[in-house]
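Chemist: Return atomic coordinates for the entry below.
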Amino acid sequence: MGFRFVSIKHAFGLAVGSETTLRGWVRSRRDSKGITFIELNDGSRFKSMQLVVDAGAVPDETLKQVTTGSSIAASGILVESPAKGQAVELKVAAIQIYGGADPATYPLQKKGHSLEFLREISHLRVRSNTFGAAFRVRNALTHAIHTFFQERDFIYVQTPIITTSDCEGAGQMFGVTTLNLQQPPRTPDGKVDWQQDFFGRPAYLTVSGQLEGEIFALAFSKVYTFGPTFRAENSNTPRHLAEFWMIEPEMAFYELADDMQLAEEFLKYTIRYVLDHCREDLEFFNQFIEKSVLATLEHVAESQFGHITYTDAIQELKKSGRSWEFPVEWGSDLQTEHERFLSEEVFKKPVIVTDYPKDIKAFYMRVNDDGKTVRAMDVLVPRVGEIIGGSQREERHDVLRQRLRDAGLDEKPYWWYLDLRRYGSVPHAGFGLGLERMMMYLTGLKNIRDVIPFPRTPGNADF
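Modeler: Presented below is the predicted three-dimensional model:
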């Protein structure tokens, strides 16, 4: 017989009567009156294909090995399915066993499992409905991000993972060293002698590719980075990871208003793409994880974003009469409870907050004429709060140098960053989006550990 290998996603589009072979992993098996029903999934789409094996069609010895978790190839003919929710099923003529799975020990039986338990078996959790859906969405989101920027003539630049400068000035960075930590070399005054290290000075895992992205923006006009970033924060919360992925566009000749417009277009585009390409997966999240996922995403994709200054936002929060967990005062940073209130109750849609106090923002943000605020912007969305943070960058050499000093940062590692302001400086701007934060928004999953394949958190670097 002329069986051909196709994905299960593809098989659902074939005509009744097509001869085909499907390969994948068994989700479940059920025996009923001389017929065996097998649910097979290969990860290509949310829906599994039902296989129907009549008594005698496959040797009993082979059929015994078809257990939940086993991997098989099943050949047969697609027939109309009487089962609800699927047009076709595979009437099986032959089965090949690739790898068995002991039903007594296989941890992913057809029953409900907590997300906490599934995190302990990250090597197998990707076979479950929840994580299959999550990582198909992640794949589509990644594709949409690249497509958005490539269609707008952005250059994709790979910025370094190992760096000697701290973009945020926060100091919470992972060190990178080849020194013997048990007996590090010492200078005469007893300090660690970094000159004997691999790079001849302290080096770290990057917290952002932004500063290097600015180098390229000041040559290519529009660029974006998309890569892993690292924060050594000892934060055991559902919103923090030590390793995560960031998208950071950087645009020469852009001011704050241009930055805001691009951020709005970017969010709408990527959300619409995932809505159009992952409907099955999002419907699952909407049904089982967060009932408002689809409605919220559709609303955001069609909304005109609101705009408010930080100063006016503080006034809105004060006049609300709410008792906030974190006090609201001019000069204090907005917390998630404040951000959600602004987007969910004041504007009832996404809102961009601008012009934050300079003392709570990074040194590279352009200082406004008032001397107190900077041209920063945060995009707040219902259900999550801040999802994008960005700013117009400080393009004036003398002002930037003073900002570095005010932040208590050593100017020496930033010599090249200051140089960019000496040779052909222009207004420029950019923003950052954490891929995992966006994934939480798209799926409704409440813990950031569930939207990245292998989470890195304090005390946890398994798999």
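Chemist: C-alpha from now on. contacts and neighbour counts both.
Modeler: Fine.
Chemist: mind listing what the closest residue to residue 463 other than its chain neighbours touches?
Modeler: Spatial nearest neighbour of residue 463, chain neighbours left out: residue 454 (6.6 Å); criterion: C-alpha to C-alpha, 6 or more residues apart in numbering. Applying C-alpha atoms under 8 Å, 6 or more residues apart in numbering, we find residue 454 in contact with 122, 461-463.
Chemist: between the residues you listed, which is nearest residue 237?
Modeler: Among these, residue 461 lies closest to residue 237 (C-alpha to C-alpha), at 15.7 Å.
Chemist: Neighbours of the closest one, how many?
Modeler: Residue neighbour count, defined by other C-alpha atoms under 10 Å, stands at 10 for residue 461.
Chemist: residue contacts, it?
Modeler: By C-alpha under 8 Å, 6+ apart, the contact set of residue 461 is 454-455.
Chemist: In terms of pLDDT, where does it sit?
Modeler: Note on residue 461: pLDDT of 93.
Chemist: How is the residue of the chain positioned farthest from its centre assigned, secondary-structure-wise?
Modeler: Relative to the centre of the chain, the most outlying C-alpha is that of residue 56, 48.0 Å out, by C-alpha atoms, centre = their mean. Per DSSP: H, G, I helix; E, B strand; the rest coil, the local secondary structure of residue 56 is coil.
Chemist: That one and residue 238: what is the separation?
Modeler: 51 Å (C-alpha to C-alpha, to the nearest Å).
Chemist: ok, now residue 222?
Modeler: 34 Å.
Chemist: And these two? Which one has more around it.
Modeler: Neighbours per residue (other C-alpha under 10 Å) separate residue 222 from residue 238, with residue 222 holding more: 25 against 12.
Chemist: can you pull the contacts of that one?
Modeler: By C-alpha under 8 Å, 6+ apart, the contact list for residue 222 reads 153-155, 249-252.
Chemist: And residue 292, by the same measure?
Modeler: Counted by C-alpha under 8 Å, 6+ apart, residue 292 has contacts residue 286.
Chemist: show me where pLDDT drops low in the chain?
Modeler: 1-2, 166-171 (pLDDT under 70).
Chemist: Next, count neighbours for residue 105.
Modeler: Residue 105 has 8 neighbours, counted by other C-alpha under 10 Å.
Chemist: going forward, begin numbering at 48 instead of 1
Modeler: Happy to do that; since the first residue is 48 now, the last one works out to residue 152.
Chemist: Quickly note the distance from it to residue 388.
Modeler: Distance of residue 152 to residue 388, computed by C-alpha to C-alpha: 47 Å.
Chemist: and what of residue 335?
Modeler: On the measure of C-alpha to C-alpha, residue 335 and residue 388 end up 25 Å apart.
Chemist: Likewise for residue 101?
Modeler: 58 Å.
Chemist: Ok, residue 110 next?
Modeler: Counting by C-alpha to C-alpha, the gap from residue 110 to residue 388 is 57 Å.
Chemist: Give me the more crowded residue out of those two.
Modeler: More crowded of residue 110 and residue 388, by other C-alpha under 10 Å: residue 388, with 21 against 18.
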